[in-house]
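K.L.:
sequence plus predicted model, see below.
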Amino acid sequence: MKIYLAHPINGLTYDEVFSYYNSTKDKLKKYFTIMSPMTGKEELRVETEYKAYGYESPIASNHAIIERDRWMVENSDIIFVDLINSDHVSIGCMMELAWAHQLGKHTVIALQKENIHEHAFVLEAADIRYETYEDAIEYLINLGNSIKE
């Protein structure tokens, strides 16, 4: 079973981004094969702060980012979008959630009340909404565990 992890990246440092993805991957790797926007992009660790577009790297050009992330969403069974404490809209996460919804993927979001992403499209595109990261992770672990049985 494959899961795609989505989380805002723009404006964060390498350490913040990889710390988030590595920590979440560690919680779920026993149950799922894990993909994320940062899979295979360790070479971008030289970036002091991630931006929304304009990279020179072949693996991070505007076109490469959208095509590879869409491919990973298409090839995943579950999409987990963590929007907890976002301070600005993540267009990337919204695209990933929209693709997942359109493709009929099981979509799980972590989104507290009054989050900047609280919008009818986001709420309706998600199969399940949790208001905490921890509750969403617990659900995913229980789901992954029951599928493995």
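P.N.:
All right, it came through fine.
K.L.:
what about the helices in the protein?
P.N.:
14-28, 62-74, 91-102, 120-125, 133-148 (DSSP state H).
K.L.:
need the winner for burial among those.
P.N.:
helix 91-102 (a mean of 19; mean count of other Cβ atoms under 10 Å). Any C-beta I mention is one placed from the backbone N, CA and C, and that applies to glycine too.
K.L.:
closest one to residue 110 among the helices of the chain?
P.N.:
helix 133-148 (4.1 Å; Cβ to Cβ).
K.L.:
pLDDT of that closest one, averaged?
P.N.:
Here helix 133-148 scores 95 as its mean pLDDT.
K.L.:
again with stretch 101-111
P.N.:
Mean pLDDT, computed over stretch 101-111, is 98.
K.L.:
low-scoring stretches of the protein, by residue?
P.N.:
Within the chain, the set of residues satisfying pLDDT under 70 comprises 40-60, 149.
K.L.:
of the helices of the chain, which approaches residue 37 most closely?
P.N.:
Ranking those by proximity to residue 37 (Cβ to Cβ) places helix 62-74 first, at 5.4 Å.
K.L.:
on that earlier part again, can you add distance to residue 3 and give the helices of the chain back as a markdown table?
P.N.:
Listed next are the helices of the chain as a markdown table, based on distance: least, Cβ to Cβ, whole Å:
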| stretch | distance to residue 3 |
| --- | --- |
| helix 14-28 | 6 |
| helix 62-74 | 10 |
| helix 91-102 | 11 |
| helix 120-125 | 17 |
| helix 133-148 | 7 |
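K.L.:
of those, which is nearest residue 1?
P.N.:
Using Cβ to Cβ, the helices of the chain put helix 133-148 closest to residue 1, at 5.6 Å.
K.L.:
can you show me the CA trace of the closest one as PDB?
P.N.:
Only the C-alpha atoms of helix 133-148 are listed here, as PDB (Å, rounded to 0.1, in the frame of the first residue of the first chain):
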ATOM      1  CA  TYR A 133      -1.800  15.800  13.200                       C
ATOM      2  CA  GLU A 134      -1.600  13.100  15.900                       C
ATOM      3  CA  ASP A 135      -5.200  12.000  15.300                       C
ATOM      4  CA  ALA A 136      -4.600  11.700  11.600                       C
ATOM      5  CA  ILE A 137      -1.400   9.700  12.100                       C
ATOM      6  CA  GLU A 138      -3.200   7.400  14.500                       C
ATOM      7  CA  TYR A 139      -6.000   6.800  11.900                       C
ATOM      8  CA  LEU A 140      -3.400   6.000   9.200                       C
ATOM      9  CA  ILE A 141      -1.500   3.600  11.500                       C
ATOM     10  CA  ASN A 142      -4.700   1.800  12.400                       C
ATOM     11  CA  LEU A 143      -5.700   1.700   8.700                       C
ATOM     12  CA  GLY A 144      -2.300   0.500   7.600                       C
ATOM     13  CA  ASN A 145      -2.200  -2.100  10.400                       C
ATOM     14  CA  SER A 146      -5.700  -3.500   9.500                       C
ATOM     15  CA  ILE A 147      -4.800  -3.700   5.800                       C
ATOM     16  CA  LYS A 148      -1.600  -5.700   6.600                       C
END
